[in-house]
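1. Sharing a sequence plus its predicted fold:
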Amino acid sequence: MTLHTKKLKELKELISKNEINSTELTKHFLDRIEKYSDINAFNHIDQEQTLEQTKNFIKDKKLSGIPVAIKDLVLTKGMKTTACSKILENFIPPYNATAMTNIYNEGGINLGKTNMDEFAMGSSTEYSHFGKTKNPWDLERVPGGSSGGSAAAVAARVATVAIGSDTGGSIRQPASFCGVVGIKPTYGRISRYGVVAYASSLDQLGVFGSSVEDTAYFLEVLSGKDAKDSTSVNKEVPNFSEIIKQGDIKGLRVGVPKEYFIDGLDLEVKESVQNALKKLESLGAEIVEISLPHTEYALATYYIIAPAEASSNLSRYDGIKYGYRAKDTKNLEDLYSRSRSEAFGDEVKRRIIIGSFVLSSGYYDAYYIKAQKVRSLIAKDFTDAFKDKCDVIACPTSPTTAFKAGQKTNDPMTMYLNDVFTIPLNLAGLPGLSVPCGFDSKGLPIGIQILGNAWDEGTILKTAYQLEQSLNLDLTPNLIKG
Amino acid sequence: MEFETVIGLEVHVQLNTNTKIFSSSKTTFGSDPNKHIDPVTLGLPGALPVLNKEVINKAISLGLATNCKIKEHNFFARKHYFYPDLPKGYQISQFEDPICLAGNIDIELEDGTRKNIGITRIHMEEDAGKNIHDQRNNASLVDLNRAGVPLLEVVSEPDLRNTEEVTAYLKSIRRIVRFINVSDGNMDQGSLRCDANVSIRPVGQKEFGTRCEIKNLNSFKFIEKAIHYEVDRQKKIILAGGTITQETRLFNSETLTTHSMRGKEESADYRYFADPDLPPLHIDKEWVERMRKVLPPLPQDIENKLVADFKLSEYDAKVLTAEKDISDFFAETNSACKNPKAACNWITSELFGFLNKNAVSLEDSPIKPKELAELILLIDNDEISGKMAKKIFEQMLTTEKTPLEIKEEKGFKLIKDPAEINVFIDKVFEANTENVQKYLDGNENIFKFFVGQVLKETAGNAKPEIVNECILEKFKKLKKA
C-alpha cells in the first residue's frame, strides 16, 4: 500500500476501519525516513518513544494514530528539543508545547523532530548544528528555511504533514522550494506556548502538507486560543478542510502588488506566477493591480525588529540552568561569554549583535522605534488593500527557485534578500500560504503566495485549493518515484 | 558651611498575591529551595508570561491609597542583564509608563508635625531569585522561589530631608500596604526593600546636589546608618574641595559603610523594549472605580474616626492603628462589645502588657477579640466587677476557657442587691462611729472613705455605683433620725 501518498482523511479512514493500525503506519514512515536519510529532514528520531505512542493514543479524533513531523523548536515532553543549536543539544523538555498537546488530544503521533536553521534564523536549513537538509528535488540544493526539514519531509513523503514556524517566511519559502503547500496563519491563531522563541511578535507556527486539503485539515488541529499564550486570540476555528471545497472563486478579487514584480525576480518564476494568475482568472477570479507602497522597507524593518527580539529571547541561554556550559571557566563572566560563544552559531551571533545594538540606549529611537513606525505603515498597506481593493493578494513566494547549498552562506545579505516577498506579511501579522504553481526549466518547483486578511485563512486556502485542482501538477520528486 | 540633605526613596513592595506575577507558582516565603517553580519561572525555552490580574488590582489599590493617577494604557518592558538569579536574562518591568503616577502621602514626625511627600511613580515588576554562596564547596547556588514574585516599586520625590523623615515615610508606606492588604510589609523577610538616593546641598541653594544611589537597605536601622554615613562622606568630599560623582553605592551591613558599585559611565545599558509576549494592558475608568469601591479604609482615616466617632484620645488612636492586626483586633472586639473605650483599655494595657512581657505576637495572642469582648460585656452587664474581670483575664491567658466558664467556675458574682450590701455597710458604720459622726457634721469629703471600706469588706465583689447609693441612703436615714 502506498500509505505515504494518502491524504490525512484517507489515513484516518484506514485506521478507523482497522485496515491498518497506527504502529504499522508509523513504521512505514519511520522506514521511509531511514530510506531517504540522505535528505536529513529529521535531526532527531526516537523510534521507541514514537512507536510507544502508537499503542496508546486517543481514538476517533482528527489525527488518531497518524504520525506527524514536528519542527525541532516545538517542545516535546521527554523528547529532545534543540532548535538545532549546540546550546540545546541535549535539552529534553519537561513540558509539551500547546501545539503538541493539541496534536496528542487529537490522537496524533509524534513522528520525530525536523531539521531547521539554528533558532529558525536562516533561509536554507544550512545553519543547523545537525548538518544541512537537502532538497528532495535536487540533493545539491537547499530546501529553503528555516523549516527546511519539515518541507523536505513532506516533499519526500516521509511524513504526510509537518509543523513549521514562520517568522519571516520560514514556512512559505521552503514550501515553495520543495513543491509542497505551507501556510502561516494569522498571528495569534496558534499558541506559541512551548515554541522556542526567535522573534516573539513575528513568530507563528504553521503547517506543511502535500495538498491544500491536508494543510487545511492539520491547521484545524493546531489552531485556537490558549490561556498560556497572552498573544493568542480567541477566534472561532472554522473547518478549513470543508470550507475549501465549498463553492467557487467567481468574483474573488485577487490583488497583485506591483512592488513584488521587481528586478531580481527570476524570469521563470515570474512567468509561472503570471500563468497561475491567468488560471485564477479563468476560474472566475478578478485580477486587480494593487500597490503596497512600503514594501521596499520591509526587509530593513524586519532585520531590526527580529534581531532585537531575538537578542532578548536568547538571553536565557546562559549556561546556568540548562543547555551547553563551557568547561573550566574562570568566573561568571567567563562562563556566560564562553558558553554562548562556543555554542551559538555565526548567524545567531550576528543577529544577537545586531539586536543588542539596535536596542542600546542612544540608538534605540533611531533604529528600533523607527522600525516599529515603519512596521505599522507596512501593516496599513495591507489593511488598505483589503479594505476596498481586493479579497486576497497573490505574488511570488520567493524571487528564485531552490539555490545550491553553500551558494549564499558566505553572504548574509543575499540570503536575507531571499525573504523579501515573505517578510512583509509577518510584519503585518496576516495569514499567507505558498502553493506550488509550476516548475522552472531545471525541474525545480515554484510557489505562488496567496495572502489574506486577518483570520481569513479560509479564503486563501480555498483560492489555493481551486488553483491546485485546476493546475493538477505532479509534485512527486524523481528521487522517490518508482 | 551648613548643608541640607536631600533624599528620595525607591521602595520595593513585595505583593502578597497567592501566585506569581506571570505564572501559577506559589509565592510562599521560606519553602525549600526551588519548590515554587514552573517553565515560566525557570525561563525554559518556549515559556510565556501570563499576567496575574491580582497584581494589577493591588497596584491600582496602592495607587489610589497614595493619591496617584492610574494610567490607562500600560505595557511591560524587558530589562536586560545577565545574572544567575534572573533566569530569562531579562526582568519584566515597566519602564516609560508606570501604572501609577504623581501621588503623595502624609507622614507624621515624632513631634506631631505633618509633611506631605510626593510619589513620583509606582510600577509593577517581577522579583529575581536568590543566589546563595556556598563557602564550603566554593559554589553558588540559585533558588528561584522568589523569581517572579510580584513587586511594586514606589519611587518618591526627593522630598525627604533627614533620617527621621525617611523612617516616618517608610513606616507610613508599610502601614498603608498592610492596611490595604497589598503586602505583609515585613522587612526582615524582604517584602519591603529600599534604595535611597542621597545628595546634599548648601542650605538655601535651590539646585540639587549630585546624588548617589545606595542599594541593599533592608532594615530601618541600616537605612539610618547608611544615610548618615553617606551624608558624612559627601560633606567631607565637598569641604575638601572635591565634587561628588553620580554613582550607585552598595551598603555593607557589617562595616556600616557604603562603597561604589558602578559609576554613571559604566551604568548598565538595560536595552529596555516593550515585551512582545504581553499585550498592552488597558485599565478603564470602571476598573479603577471598582477598585476604589473595595479599597479598605486607610490607616489615617481609621485613626481620625477613632478620635472623632469613638472619642478615643489621639494617642490611643495612633496606638490602635499602628499595625493592621491591632486595628483589626480592636475593630473586631469593639464590634462585639460596643464599648470602644473599654476595648481600647483592655487591648492597650492588659493585653499588650502580657504580650510584650512574654514576647508573644498579637497574632498568637491566647485571647481573641471575641473572648475579650465577652469579658467586657460581663462587666458592662453588671455580671462581674472590674477586679473579677482582671482575675478572669489572667485565667484566659493560660486556659482555653471562655470568660463565662471561668466566672462560673470561680463563682464570681457581682453583689448588686442593696439589702446584701447594707449588711456590709452596717458593719463598716459600726466600726467607724467617729467618722460617721464627722460626715453627719458636714465633712462630706469623708464619703469616699466609706465606699472604699465597704468595697473592701465585699472583697471588691460589689458594684461600686450601688454601694454609693446605699451609703448615701443610709446617711439620709441617719440624718433624719
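-> That came through fine.
2. got the residues of the stretch 101-250 of chain A near chain B?
-> Proximity of the stretch 101-250 of chain A to chain B (C-beta under 8 Å from any C-beta of the partner chain) is limited to residues A:192-197, A:199-201, A:227-231. Any C-beta I mention is one placed from the backbone N, CA and C, and that applies to glycine too.
3. where's the host helix or strand of residue B:436 relative to the chain centroid, distance-wise?
-> Using DSSP states H and E, residue B:436 falls within helix B:433-440. With C-alpha atoms, centre = their mean, to the nearest Å as the basis, helix B:433-440 stands 57 Å off its chain's centre.
4. Skip the chain neighbours and tell me the closest residue to the residue of chain B found nearest chain A.
-> For chain B, the residue closest to chain A is residue B:89, as judged by C-beta to the nearest C-beta, at 2.5 Å. Nearest non-adjacent residue to residue B:89, counting by C-beta to C-beta, 6 or more residues apart in numbering or on different chains: residue A:315, 2.5 Å away.
5. my guess is the one you found contacts residue B:83, does it?
-> No: Residue A:315 is beyond contact range of residue B:83, at 10.7 Å (criterion: C-beta atoms under 8 Å).
6. neighbour count winner among these two?
-> residue A:315 (23 against 16; other C-beta atoms under 10 Å in any protein chain shown).
7. State the phi and psi torsions of that one.
-> Dihedral pair for residue A:315: phi -60, psi -30, per degrees, to the nearest 10.
8. Give me the residues contacting stretch A:264-279.
-> Applying C-beta atoms under 8 Å, 6 or more residues apart in numbering or on different chains, the contact partners of stretch A:264-279 are A:254, A:256, A:261, A:287, A:394-396, A:398-401, A:417, A:420, A:437-441, A:446, A:448, A:467, A:470-471.
9. Could you pull up the residues touching residue B:177?
-> With C-beta under 8 Å, 6+ apart, residue B:177 has these contacts: B:13, B:62, B:183, B:185, B:192.
10. quick one, what contacts the fourth one?
-> What it means is residue B:185. Applying C-beta under 8 Å, 6+ apart to residue B:185 gives the contacts B:13, B:174-175, B:177-178, B:191-192.
11. Got phi/psi on the residue nearest to it when sequence neighbours are not counted?
-> Of all residues beyond its chain neighbours, the one nearest residue B:185 is residue B:174 (4.2 Å), with distances taken as C-beta to C-beta, 6+ apart. Note on residue B:174: its backbone torsions stand at phi -60, psi -40 [degrees, to the nearest 10].
12. tally of neighbours for residue B:174?
-> Residue B:174 has 22 neighbours, counted by other C-beta under 10 Å.
13. how much space between it and residue B:430?
-> Counting by C-beta to C-beta, to the nearest Å, the separation of residue B:174 from residue B:430 is 63 Å.
14. And residue B:132, by the same measure?
-> Residue B:132 is 80 Å from residue B:430, by C-beta to C-beta.
15. quick one on the thing from earlier: which of the contacts of residue B:185 sit farthest apart?
-> Pairwise distances across these peak at 14.0 Å for B:175 and B:191 (criterion: C-beta to C-beta).
16. residues touching the residue in the stretch 1-150 of chain A positioned nearest to chain B, list them.
-> For the stretch 1-150 of chain A, the residue closest to chain B is residue A:75, as judged by C-beta to the nearest C-beta, at 4.9 Å. Counting by C-beta under 8 Å, 6+ apart, residue A:75 touches A:81, A:93, A:95-97, A:100, A:194-196, B:44-46.
17. mind giving me CSV with those residues and columns for secondary structure and distance to residue A:412?
-> Below are the contacts of residue A:75 laid out as CSV (DSSP: H, G, I helix; E, B strand; the rest coil; distance: C-beta to C-beta, whole Å):
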residue, secondary structure, distance to residue A:412
A:81, coil, 26
A:93, coil, 30
A:95, coil, 34
A:96, coil, 34
A:97, coil, 29
A:100, helix, 32
A:194, coil, 29
A:195, strand, 25
A:196, coil, 22
B:44, coil, 30
B:45, coil, 25
B:46, coil, 26
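18. Contacts for the helix or strand just after the helix holding residue B:436, please.
-> The element immediately downstream of helix B:433-440 (helix or strand, assigned by DSSP H and E) is helix B:447-457. Helix B:447-457 has contacts (C-beta under 8 Å, 6+ apart) with B:421, B:424-425, B:427-429, B:432, B:435, B:439, B:462, B:464, B:467-468, B:470-471.
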